[in-house]
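# I'll drop the sequence and a predicted model, then ask my questions.
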Amino acid sequence: MSEFRIHHDVNELLSLLRVHGGDGAEVYIDLLQKNRTPYVTTTVSAHSAKVKIAEFSRTPEDFLKKYDELKSKNTRNLDPLVYLLSKLTEDKETLQYLQQNAKERADLAAAAAASSTPSFSAPATASKISMQELEELRKQLGSVATGPTVQQSLELTRKMLRDKQNKKNSGQLLPIFPTWVYERPTLVGDFLTGSGVSTDTAVPIGSLPLTSQESAVVEDLLYVLVGVDGRYITAQPLAGRQSRTFFVDPSLDLSIRELVNRVLPVAASYSTVTRFIEEKSSFEYGQVNHALAAAMRTLVKEHLVLVTQLEQLQRQGLLSLQKLWFYIQPATRTMDVLASLASSVDKGECVGGSTLSLLHDRSVNYTGDSQAQELCLYLTKAASVPYFEILEKWIYRGTINDPYSEFMVEEHELRKEKIQEDYNDKYWDQRYTVVQRHIPSFLQKMAGKVLSTGKYLNVVRECGHDVTCPVAKEVIYTLKERAYVEQIEKAFSYASKVLLDFLMEGQELLAHLRSIKRYFLMDQGDFFVHFMDLTEEELKKPVDDIAPPRLEALLELALRMSTANTDPFKDDLKIELMPHDLITQLLRVLAIETKQEKAMVHADPTELALSGLEAFSFDYVVKWPLSLIINRKALTRYQMLFRHLFYCKHVERRLCGVWLSNKAAKQHSPHSAQGFAGAFTLRQRMLNFVQNIQCYMMFEVLEPTWHVLEKNLKSASNIDDVLGHHTSFLDTCLKDCMLTNPELLKVFSKLMSVCVMFTNCMQRFTQSMKLDSELSRLALEHGTMLGPPTEVERAEERVRKERARKHLAEHVDTPQLASSFEATISKFDKNFSAHLLDLLARLSIYSTSDCEHGMASVISRLDFNGFYAERLERLSAERSQKAAPQLPAPRGIPAPAPRVAVTAQ
């Protein structure tokens, strides 16, 4: 069962049970996916489960009757369902909840029915009627009531099927029979009941001699065997879809009546088969049922030929009742099998593949009866011809011609252009899907390969290449499954090779993936140096003030000035300004199908205006059919990785810029420069953190995982393997880069924010220092050239200095404000250390409890000399001592270290 099917079934079950609130569907979905196995586990023995349910049920006879009815309809997954129900009888809590839920649903249904059901009153009778008139009236009412009702039911079924087929084949109306075909019962070939009271005044047969009785009964039986009422044997009106019954003159001799009752089941079977043939010959029931009806009609013609030969003997006076019974015996079994098949197809409302499944299962079940098995094989082979024609076109050419919705593969109207537009678009998974009820049981094991084979060829066909399988052979029904397996395997191998070669060589899939890696995973170092130098000032602006064409022009310039100019696909790279920052985007993706999803979707955008740097991302133009692999979902993952790496690179550049600007501190006296020691140390720690995180992501996550992807793509045998390897590559990169864990993501975001705020503070302070130096130099030059400044000039100079100090910096290199600067740096140090210790603690937990061994590498990089580990131990000990008097921890269970979140100032 696919992941999409699990999501759908769980949500539908919760909806039917009216479950609201609680943990939501994601808890049950995760539980089912963890316990899912690749093996077939639905083959169970239902006998003991059936006995257990019958013992538990208040009406075991009704349950067993319903089970047999569903079994006769060849209902799929009936035994696993019974096994599940037997397990539910052992769970008292679930059973009580289901009973309460059923009671509530019944009350709602009763209330709805009471509000919409009109009331009726029976008319009073004015006079009495005789028993003969009552019997005649009963027959007439029965014929009138059942005939039109059955016809109305059949017409309604045809209309529903017709509407469904016309909706699927939009713009192409399917043919239908004219109404007079259904309004003229004499064309059916079955008994005419309800056509009026018979005017034949036949003498009661009991008053005739035995010889005459036998002769009259033989003549009547010959009529009844071809669907015509006799004088003494007449067909009773049908009640729904029940088998035909007959009325025999009660005055008939008992010995003759016994033989007549032996022959009448053949006439009942003939009536059932004839009605089935006429009903299923309508266009709405599909080509498989048409073919089955045609094959049955051929056998019915042989039956009519037999009756004609018997009639010839009867006219010659050579046919007695005993001879009739002797001659009709071979046809009895044939008509019985045909009637049984017709009833089962009718009850199960089988169409297409479900009809073939029923016929195949009957053929297997009749293994001990050679005549019945041969008959079923003949019918199955005839009925499978149109189905196999659709199958051959699908697996050999990649096209579907299924106007009556009978084939196992269903086509949906989806546009392949949406792959580049919609993140949740599942073109590859949903354009063609398998319809379980239309899979013949003899093709059940190969359904997945049948689907994939046609999909592969269809992709190549949609690219304008005509493909035809060179090993194509006609598929013919047989009880040996190996014949189908071999043909489908050959077609699958050819289709896989054609599409894989087309994508890898014709469309250069690997070269496109390398191009995407070059830009989205920051593999092209010189290009990014040029690009970030060119766009630094532009990306500092608010996103609403940025002109995308200018960014596009700068991107083009950076591409031409770097080694990326040799990339043949560089023109596919585009600029995109996202509506959310990376953290919001990631949290929205992680909240999909969780309780927080609705809150995240309807949340108001952040009040702070996004800068160009926070909104910036690359986009990539991918054309069909490469968009099957590099779809919008994959590109979104690439974008999230790129935005993460790009922001880390930006923070590193900012810290390096602080390092350059701090060189001016060397010009000051040792006593004055001593106050910068804490700031320089913190800057170096931040730079070490950012560079090590980048080094880990680039050289321990992205590059090794990329080499594994390249190796897997070269050994892939079909496009589904390519899709799986590519998705696995992106998922691994996102997980190991700490982008799929909301807790780690939030802590990492706080660390980056502290680094950016620190660089802003240091830049303002450096600008203040430069301004002081410049003002002092200008004052010195002024005093030297024009003489000593006047009192007015000195006052103006002091005012300008004060304004500049207040406007540009809060911390200046003066004894009065030195303590304030050191306090600010101390707060940054405290915040950075607290968040970094929190990150290391969480990484340690995930590396041990969740077996994420890659996290241990991050810890060893960030804490290469044990500095933070020592601080963590000391901090944990201090917290334990403080918490011990208030809440003593029980022995043997270490108390977890509380986390202290320190807000960046």
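Cool, got the structure.

# quick one: the residue nearest to Leu682 when sequence neighbours are not counted and Val754, what's the gap?
With C-beta to C-beta, 6 or more residues apart in numbering as the criterion, Leu682 has its nearest non-adjacent residue at 5.1 Å, and that residue is Asp829. Every C-beta, even on glycine, is put in place using the N, C-alpha and C of the backbone. Going from Asp829 to Val754 by C-beta to C-beta, to the nearest Å gives 10 Å.

# show me the strands in the protein, by range?
233-235, 246-248, 409-411, 432-434, 573-577, 616-620 (DSSP state E).

# domain assignment for this protein?
Per the TED database, the structural domains of the chain span 1-36, 41-106, 131-167, 179-197+204-349, 384-507, 541-630.

# to Leu739, which of those domains lies closest?
domain 541-630 (5.8 Å; C-beta to C-beta).

# output the strands of the chain as JSON lines; include the columns mean pLDDT.
Converted to JSON lines, those look like this (pLDDT from 0 to 100):
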{"stretch": "strand 233-235", "mean pLDDT": "86"}
{"stretch": "strand 246-248", "mean pLDDT": "86"}
{"stretch": "strand 409-411", "mean pLDDT": "87"}
{"stretch": "strand 432-434", "mean pLDDT": "87"}
{"stretch": "strand 573-577", "mean pLDDT": "85"}
{"stretch": "strand 616-620", "mean pLDDT": "86"}
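
# export those strands to JSON lines and append columns for mean neighbour count.
Formatted as JSON lines, the strands of the chain follow (neighbours: other C-beta atoms under 10 Å):
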{"stretch": "strand 233-235", "mean neighbour count": "21"}
{"stretch": "strand 246-248", "mean neighbour count": "17"}
{"stretch": "strand 409-411", "mean neighbour count": "18"}
{"stretch": "strand 432-434", "mean neighbour count": "17"}
{"stretch": "strand 573-577", "mean neighbour count": "17"}
{"stretch": "strand 616-620", "mean neighbour count": "20"}
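
# surely the residue nearest to Leu682 and Arg683 touch.
No: using C-beta atoms under 8 Å as the test, Asp829 is too far from Arg683 to be in contact (10.5 Å).

# wait, what's in contact with Trp331?
Actually, residue 331 is Ala. It isn't Trp. The contact partners of Ala331, taken as C-beta atoms under 8 Å, 6 or more residues apart in numbering, are 266, 303, 306.

# which of these lies closest to Ser717?
Nearest member of the contacts of Ala331 to Ser717, counting by C-beta to C-beta, is His303, at 53.3 Å.

# contacts only, for the closest one.
Taking C-beta under 8 Å, 6+ apart, one finds 225, 270, 331, 334-335 in contact with His303.

# what do you get for Met532?
Met532 sits in contact with 649-650, 653, where contact means C-beta under 8 Å, 6+ apart.

# check what pLDDT it gets.
The model reports Met532 with a pLDDT of 84.

# about what we covered before: same list, the strands of the chain, but as CSV with distance to Leu513 please.
As requested, those are exported to CSV (distance: least, C-beta to C-beta, whole Å):
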stretch, distance to Leu513
strand 233-235, 73
strand 246-248, 75
strand 409-411, 29
strand 432-434, 25
strand 573-577, 14
strand 616-620, 11
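
# and of those strands, who's closest to Leu839?
strand 616-620 (24.9 Å).

# so what secondary structure elements neighbour that closest one?
For strand 616-620, the elements it packs on are helix 509-520, strand 573-577, helix 632-661, judged by 3 or more C-beta pairs under 8 Å, 6 or more residues apart in numbering; DSSP states H and E.

# what's the angle between it and strand 573-577?
140 degrees (axes from the mean of the first three to the mean of the last three C-alpha atoms, to 10 degrees).

# which residues sit against strand 616-620?
The contact list for strand 616-620, computed with C-beta under 8 Å, 6+ apart, reads 516, 519-520, 539, 551, 572-578, 630, 635, 638-639, 642-643, 646.

# ok, the residue nearest to Leu682 - how many residues close by?
18 (other C-beta atoms under 10 Å).

# which of the contacts of Met532 has the most neighbours?
For these, the largest neighbour count, defined by other C-beta under 10 Å, is 19 neighbours, found at His650.

# what sits against that one?
Contacts of His650 (C-beta under 8 Å, 6+ apart): 532, 613.

# how close does it get to Leu687?
Separation of His650 from Leu687 (C-beta to C-beta) stands at 13 Å.

# and what of Val385?
Val385 is 75 Å from Leu687, by C-beta to C-beta.

# Leu557 too?
Where Leu687 is concerned, Leu557 sits at a distance of 29 Å (C-beta to C-beta).

# could you give the number of residues near the residue lying closest to Asp79 once chain neighbours are set aside?
Setting aside the residues directly before and after it, Asp79 is nearest to Ala46 in space (C-beta to C-beta, 6+ apart), at 3.8 Å. Residues lying near Ala46 (other C-beta under 10 Å) number 18.

# give the contact list for Ala46.
78-79, 82-83.

# among the residues you listed, which lie within helices?
78-79, 82-83 (DSSP state H).

# wait, which of these is closest to Thr355?
Nearest member of the ones in helices among the contacts of Ala46 to Thr355, counting by C-beta to C-beta, is Leu78, at 17.7 Å.

# wait, Cys737 sits on Glu700?
No: look at Cys737 against Glu700 with C-beta under 8 Å: they stay out of range, at 10.2 Å.

# neighbour count: these two, which is higher?
Cys737 (23 against 15).

# and Ile629, how far from Val364?
Distance of Ile629 to Val364, computed by C-beta to C-beta: 42 Å.

# show me which of the two is the more surrounded one.
Neighbours were counted for Ile629 and for Val364 using other C-beta under 10 Å; Ile629 has more, 22 against 13.

# just the pLDDT for the more buried one.
The model's pLDDT for Ile629 equals 84.

# with the one 5 residues further on instead?
At Ala634, the predicted lDDT confidence score is 87.

# what's the neighbour count on Thr94?
Neighbour tally, Thr94, other C-beta under 10 Å: 12.

# what sits against the closest residue to it other than its chain neighbours?
The shortest distance from Thr94 to any non-neighbouring residue, by C-beta to C-beta, 6+ apart, is to Leu88 (5.9 Å). Shown in contact with Leu88 (C-beta under 8 Å, 6+ apart): 94-95, 98.

# would TSV of the residues you listed with distance to Lys65 be doable?
Below are those laid out as TSV (distance: C-beta to C-beta, whole Å):
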residue	distance to Lys65
Thr94	26
Leu95	23
Leu98	22
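
# columns pLDDT and distance to His835 on top of these, output as CSV?
Output for the contacts of Leu88, formatted as CSV (pLDDT from 0 to 100; distance: C-beta to C-beta, whole Å):
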residue, pLDDT, distance to His835
Thr94, 79, 46
Leu95, 77, 51
Leu98, 78, 50
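
# quick revisit: can you tell which of the domains of the chain is closest to Cys376?
Going by C-beta to C-beta, the one of the domains of the chain nearest Cys376 is domain 179-197+204-349, 7.0 Å.

# do you know which of the strands of the chain lies nearest Gln287?
The nearest among those, by C-beta to C-beta, is strand 409-411 at 15.4 Å.

# who does the closest one touch, helix- and strand-wise?
Using 3+ C-beta pairs under 8 Å, 6+ apart, strand 409-411 sits against strand 432-434, helix 447-462.

# the shortest one: partners in the sheet, and parallel or antiparallel?
Based on DSSP bridges, the strands next to strand 432-434 in the sheet, each with its direction, are strand 409-411 (antiparallel).

# that's all I had, so thanks and see you.
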